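Engineer: The sequence isn't on hand, but the structure is:
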């Protein structure tokens, strides 16, 4: 009889438990991944987004092998529950990340959920998606005095160069 | 008339000559050889090609060189590999697999002759780095004996492969619950010659088991055992019941994959370079 407490103490265990058990965890991740491939930007809890991130990147690695590869097709058909996304994965996402070696996804934190649980939310997206960026680039205000003067100066210089040339 | 007479003369002369020859032959060699007219050729010379080393003809990297997937510093593994190669230069550890028959002689202060020798089937190869072990099993005087040896222990004086072969599984722990005939190895077995090139022979034996209960539930899919004859000991209903513990999502779980092919090539090159120095 084992007298150790190996099952009870979890020092150094890095694998997360989600849902009802290992099968439930894989099913949940499958649904999240299908949603991510369909919409290219999803918002969930931070833990789920972190788990899906790994699988999303590995799926793109498999998709890069091409749809003639048997293993890649099996993986894609297992992980994507909606089968019309399988061609999208191979024909849209794989060529988009041809030049990238890793880092196909981006994760950002959101304000906590409005429910009673106040859960930590995150948004997960594939890079190169058609939506406006998550971290919007702030442009300076064009209508301040200094910016107007600088704009006038830039236009004068451009005119001078044009007349010289 | 004359021709006939001449013929007879020649014939009788030839007979006489043959008789003479035969008698001469008998007289000269009768002391040492019996009547034997067939030609026995001399034995062919055995050519031993010592230009090519025997060990490096088949590409084999011992599994304890491949580091596990951990958070430790790779420096630790590279230092360990250096030490392993240093030990291997002193003691020749041959290539062997689970299922091959080995003879190990280990230093023992209490044994007569200071060394004891054990012959057995390798049932498991565990551990990585300098702590790599292998378990040899044999049945001596109707008692099953398993000894776990450390490959890089300084007590080990020699490791010889008596029979090199592979089995259908990586772990033959089920031999504990199999009939004893499958684990017995003759301690005075002569080494079976095997070619240093070519494929390792795979023994497709399917082992018969003792009646249940077993030490582990070998029919469950997590062990993935190919080498047991389940049809003799379990009913199809029991096999189906065992499939309840099958986790079909495991083969698609990308987190659990650990692809070592490139790492192994790199390590094999390094190993061959270091050993040839």
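Structural biologist: That came through, no problem. Only a predicted model underlies this, so the values are computations on that prediction, with no experimental measurement involved. Numbering: from 1, shown residues only, chains lettered A, B, ... in the order given.
Engineer: how many other residues sit next to residue A:79?
Structural biologist: As a burial measure, residue A:79 scores 23 neighbours (other C-beta atoms under 10 Å in any protein chain shown). Backbone N, C-alpha and C define where each C-beta goes, glycine included.
Engineer: Isn't it up against residue A:60?
Structural biologist: No: Residue A:79 lies out of contact with residue A:60 (C-beta atoms under 8 Å); the separation is 11.1 Å.
Engineer: can you list residues touching both of those two?
Structural biologist: When contacts are counted by C-beta atoms under 8 Å, 6 or more residues apart in numbering or on different chains, residue A:79 and residue A:60 have no shared neighbour.
Engineer: Strands of the chain, residue ranges please.
Structural biologist: No chain was given, so I picked chain A. Remark: strands assigned in chain A by DSSP state E are A:41-45, A:105-109, A:121-126.
Engineer: meant chain B actually
Structural biologist: Counting by DSSP E, the segments of chain B that form strands are B:101-107, B:115-126, B:133-140, B:143-150, B:156-163.
Engineer: Please produce TSV containing these, extended by mean neighbour count, mean pLDDT and distance to chain A.
Structural biologist: Formatted as TSV, those follow (neighbours: other C-beta atoms under 10 Å in any protein chain shown; pLDDT from 0 to 100; distance: least, C-beta to the nearest C-beta, whole Å):
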stretch	mean neighbour count	mean pLDDT	distance to chain A
strand B:101-107	19	94	30
strand B:115-126	18	94	18
strand B:133-140	18	96	21
strand B:143-150	14	95	20
strand B:156-163	17	94	30
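Engineer: Let's have the ones you listed in CSV, adding distance to residue B:47.
Structural biologist: Output for these, formatted as CSV (distance: least, C-beta to C-beta, whole Å):
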stretch, distance to residue B:47
strand B:101-107, 28
strand B:115-126, 31
strand B:133-140, 35
strand B:143-150, 36
strand B:156-163, 23
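Engineer: What segments of the chain are helices?
Structural biologist: Defaulting to chain A. In chain A, the segments counted as helices under DSSP state H are A:22-39, A:46-64, A:70-79, A:85-88, A:94-96, A:145-164.
Engineer: look at chain B instead
Structural biologist: B:2-29, B:74-90, B:230-233, B:236-242, B:261-276.
Engineer: how big is the angle separating the last one from helix B:74-90?
Structural biologist: Counting by axes from the mean of the first three to the mean of the last three C-alpha atoms, to 10 degrees, helix B:261-276 lies at 40 degrees to helix B:74-90.
Engineer: residue ranges with poor pLDDT in the chain?
Structural biologist: All of this refers to chain A. For chain A, applying pLDDT under 70 flags the ranges A:1-4.
Engineer: Let me rephrase: I mean chain B.
Structural biologist: In chain B, residues with pLDDT under 70: B:1-36, B:48-57.
Engineer: Kindly report the residues of it close to chain A.
Structural biologist: Contacts of chain B with chain A, taken as C-beta under 8 Å from any C-beta of the partner chain, map to B:247, B:249, B:252, B:253, B:254, B:255.
Engineer: want to throw those residues into JSON lines with distance to residue A:158?
Structural biologist: JSON lines is the format used below for these (distance: C-beta to C-beta, whole Å):
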{"residue": "B:247", "distance to residue A:158": "68"}
{"residue": "B:249", "distance to residue A:158": "63"}
{"residue": "B:252", "distance to residue A:158": "60"}
{"residue": "B:253", "distance to residue A:158": "60"}
{"residue": "B:254", "distance to residue A:158": "54"}
{"residue": "B:255", "distance to residue A:158": "57"}
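Engineer: And the residues you listed, which of them are buried?
Structural biologist: Burial by neighbour count, 16 or more other C-beta atoms under 10 Å in any protein chain shown: within the residues of chain B next to chain A this picks out B:252, B:253.
Engineer: Among the residues of chain B next to chain A, which pair sits farthest apart?
Structural biologist: The span of the residues of chain B next to chain A, defined through C-beta to C-beta, is set by B:247 and B:254 at 14.6 Å.
Engineer: Spatially, what comes nearest to residue A:131 if we skip its sequence neighbours?
Structural biologist: In this structure, residue A:131 finds its nearest non-sequential neighbour in residue A:41, 5.7 Å apart by C-beta to C-beta, 6 or more residues apart in numbering or on different chains.
Engineer: Residue A:79: what's it in contact with?
Structural biologist: A:30, A:33, A:34, A:55, A:59, B:252.
Engineer: Residue B:158 now?
Structural biologist: B:91, B:104, B:105.
Engineer: What sits closest to residue A:35 if chain neighbours are left out?
Structural biologist: Closest residue in space to residue A:35, ignoring its immediate chain neighbours: residue A:42 at 5.1 Å, by C-beta to C-beta, 6+ apart.
Engineer: scratch that, residue B:144
Structural biologist: What sits nearest to residue B:144 in space, not counting adjacent residues and going by C-beta to C-beta, 6+ apart, is residue B:183, at 6.4 Å.
Engineer: In contact with the one you found, which residues?
Structural biologist: B:121, B:137, B:138, B:139, B:144, B:175.
Engineer: switch to 10 Å and redo it
Structural biologist: Going by C-beta atoms under 10 Å, 6 or more residues apart in numbering or on different chains, residue B:183 touches B:120-121, B:123, B:137-139, B:144-146, B:172, B:175-176, B:207.
Engineer: same deal with residue B:110?
Structural biologist: By C-beta under 10 Å, 6+ apart, the contact set of residue B:110 is residue B:116.
Engineer: For residue A:56, the count of nearby residues, please.
Structural biologist: Using other C-beta under 10 Å, residue A:56 has 23 neighbouring residues.
Engineer: Pairing partners for residue B:144 in the sheet, please.
Structural biologist: According to DSSP bridges, the partner residues bridging residue B:144 are residue B:139.
Engineer: Could you find the closest non-adjacent residue to the spatially most central residue of chain A?
Structural biologist: Among the residues of chain A, residue A:125 comes closest to the average C-alpha position under C-alpha atoms, centre = their mean, at 2.7 Å. Computed as C-beta to C-beta, 6+ apart, the closest residue to residue A:125 that is not its neighbour in sequence is residue A:41, at 3.9 Å.
Engineer: give the contact list for that neighbour.
Structural biologist: A:35, A:106, A:123, A:124, A:125, A:126, A:129, A:130, A:131, A:134.
Engineer: Using ChimeraX, define a selection of the buried residues within these.
Structural biologist: Buried subset of the contacts of residue A:41, written as a ChimeraX selection, criterion 16+ other C-beta under 10 Å:
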select /A:35,106,123,124,125,126
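Engineer: And the contacts of residue A:41, which two are furthest apart?
Structural biologist: Applying C-beta to C-beta across those, the maximum distance is between A:35 and A:134, 17.1 Å.
Engineer: Residue B:97 and residue B:171 touch, don't they?
Structural biologist: No: assessed by C-beta atoms under 10 Å, residue B:97 is found out of contact with residue B:171, at 11.7 Å.
Engineer: residues shared between the contacts of these two?
Structural biologist: residue B:125.
Engineer: Cool, thanks, signing off.
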